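In: Please find the sequence and the predicted model below.
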Amino acid sequence: MADGIAPPLQVLLVGGADPERWRDVTDSVHMVSDAGLVQRDPTRWVLVVDGPATPRPGLVSRLTQAVAGGAVAAYSDFSGGARRRRVAPGGWSVERARWSDYTGPVALVRADLIDTTPGDIRTRALWAASAAGQIVYVPEPLYTARWTATPVPAGVRSELLAAAGAPYVLAPDGATRTMPEPPTISVVIPTRGTSGAVRGSRIRYIDHAIESIEATHGGDAAPLQYVLVVDSDAPHGFADEWTRRLPGRVTVVVTEPPFNFSAKVNAGVAAASGVVVAIVNDDIEVISSQALRTMAVVAMEPDVGAVGALLRYEDGGIQHAGQAFAADGVHHVGAGRPGSWLREHADLIGDRDVTGVTAACLVQRRHVWLSVGGLDESLPINFNDVEYCWRLRQNRLRIVQCGSVELFHFESRTRAAGAEAWEVELLRERMGADSMMRDPLTPEPAVRPARRVRARTAVGQVKGRVASRVRGREAGGSGAEGE
């Protein structure tokens, strides 16, 4: 066994685990089926086996190696189903674990973190480990099991949220987050007042966006404040119309050429007054009821840096379900997939931690934005949100993708895309080795966009020039593949 892990290893068998399959997992095994019998010594370790599973050779040595650097728990990939297809849970996600028991039925946990409370032993142990230190994910199939992710029971979820000191509670439905005094919200929208066709009708995007936000915000909520960031070189009488329609609730900020999405957003946030700032493109339509309220409440957790939403194309296909890195760059998870893809990957589309979210819908506390410096204005079009989210992670802040919150994003699937070489090099310079990292949260098979999406690559290839320089609607954001 790895240095620092004292034998004998305790194997806690629950949920119908077969002791015969685990008896020879190592030379020194102390097997128990009752958490109350675990020797809760912080120098010892417990292999929790929660249901029928069969170890592969090397399981114990690989997991113990993973925690030898100071981690307090570890879990791995496994082979599941009749065809023994590899199941890759992905890295530990605080948010995802609140809603889904997704890590698989086997975990190595420091013995003092085992909770003797009956029921959900592995879930509680991993949550205790999350509070105590690092949980390591080993991307190797170390056992076989017929196991599928299941929702965390609402009662357990509420208990975990209370223990974590979350600033909100769950409504009786077990899903809706509520706060006694929700934060004030400023909505920052860069816009040129451009019009386009949506569902066969000609609309002005900014009008449609604000109307949908207002219609879904909820009549009992505090009124939203809007900051419309317009260009001095384009007519912006439409903004004055909104100051009349929503008296006292609209601020207009005028910016000068040349076009710089990052600078426009920074100017908008500087003029915002809300505790929470929601940055949205003008070509969106809110689908979910109380979408911005939900995202704002999530953003109020002290360890959350930013919150994003599930974005759909006009036909219902997926445009963005979080950002994720792969060897060839950063991608929008699920980009170009049909809406039915959600049924097959529901666990990845739910509320979870991600490495980044797009600036097309980006919600955070204003003081967090200011503390990390907002968007980098040396990245005027592409990768500004990728780099911003990277800085949040450098400050040990989580980025939450709220798959439970949905918006339409009327950006075309066929918009010319690409990044200039200097943008790619600048991102590499900023992020260093992290620009080519393997995503710690999203398994790579789920990262790839559909092939029919004309992709925009972040840190791999350079694909042409950025069409956004021809400014119609406001276009900014990651340059992540699939946008």
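Out: Looks like it arrived, so ask away.
In: what about the helices in the stretch 351-483 of the chain?
Out: Ranges of helices in the stretch 351-483 of the chain, per DSSP state H, counting those that start in this stretch, are 366-372, 384-394, 421-431, 444-447.
In: In the third one, which residues are buried?
Out: Within helix 421-431, the residues scored as buried using 16 or more other C-beta atoms under 10 Å are 423-424, 426-427, 430-431. The way it works is simple: take the backbone N, C-alpha and C, and place the C-beta from them, glycine included.
In: Over to the first one?
Out: Residues of helix 366-372 classed as buried by neighbour count (16+ other C-beta under 10 Å): 366, 368-369, 372.
In: Arg300 and Gln364 touch, don't they?
Out: Just so we're on the same page, residue 300 is Met rather than Arg. No: using C-beta atoms under 8 Å, Met300 is not in contact with Gln364, being 10.0 Å away.
In: Gly16: which element?
Out: Counting by DSSP states H and E, no helix or strand carries Gly16.
In: contacting residues around it?
Out: Gly16 sits next to 51-52 when contact means C-beta atoms under 8 Å, 6 or more residues apart in numbering.
In: so how far is Ser33 from it?
Out: Separation of Gly16 from Ser33 (C-beta to C-beta, to the nearest Å): 10 Å.
In: coming back round to it: kindly reformat the helices of the stretch 351-483 of the chain as JSON lines and extend each row with mean pLDDT and distance to Gly90.
Out: As requested, the helices of the stretch 351-483 of the chain are arranged in JSON lines below (pLDDT from 0 to 100; distance: least, C-beta to C-beta, whole Å):
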{"stretch": "helix 366-372", "mean pLDDT": "98", "distance to Gly90": "25"}
{"stretch": "helix 384-394", "mean pLDDT": "97", "distance to Gly90": "16"}
{"stretch": "helix 421-431", "mean pLDDT": "90", "distance to Gly90": "21"}
{"stretch": "helix 444-447", "mean pLDDT": "64", "distance to Gly90": "8"}
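In: Let's have these in TSV, adding distance to Met437.
Out: What follows is the helices of the stretch 351-483 of the chain, written out as TSV (distance: least, C-beta to C-beta, whole Å):
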stretch	distance to Met437
helix 366-372	19
helix 384-394	10
helix 421-431	9
helix 444-447	11
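In: who wins for proximity to Ile114 among the ones you listed?
Out: Across those, Ile114 has its closest neighbour in helix 384-394 (30.1 Å, C-beta to C-beta).
In: Flag the shaky bits of this protein, pLDDT-wise.
Out: Per-residue confidence for the chain (pLDDT under 70) gives these ranges: 1-8, 26-29, 81-82, 412-418, 444-483.
In: Outline the domain layout of it.
Out: Annotated domains of the chain cover 9-162, 178-469 [automatic domain parsing].
In: Relative to Ala171, which of those domains is closest?
Out: Per C-beta to C-beta, nearest to Ala171 of the domains of the chain: domain 178-469, 5.4 Å.
In: out of the domains of the chain, nearest to Val169?
Out: Across the domains of the chain, closest to Val169 is domain 178-469 (C-beta to C-beta), at 5.9 Å.
In: so how far is the closest one from its chain's centroid?
Out: Offset of domain 178-469 from its chain centre (C-alpha atoms, centre = their mean, to the nearest Å): 12 Å.
In: out of Met300 and Gln364, which sits in the more crowded spot?
Out: Gln364 (28 against 19; other C-beta atoms under 10 Å).
In: Can you get me a residue count around Asp233?
Out: 14.
In: excluding its backbone neighbours, what's nearest it?
Out: The shortest distance from Asp233 to any non-neighbouring residue, by C-beta to C-beta, 6 or more residues apart in numbering, is to Pro257 (5.4 Å).
In: Any idea what Gly329 is bridged to?
Out: In this entry, Gly329 is beta-bridged to Ala326, by DSSP bridges.
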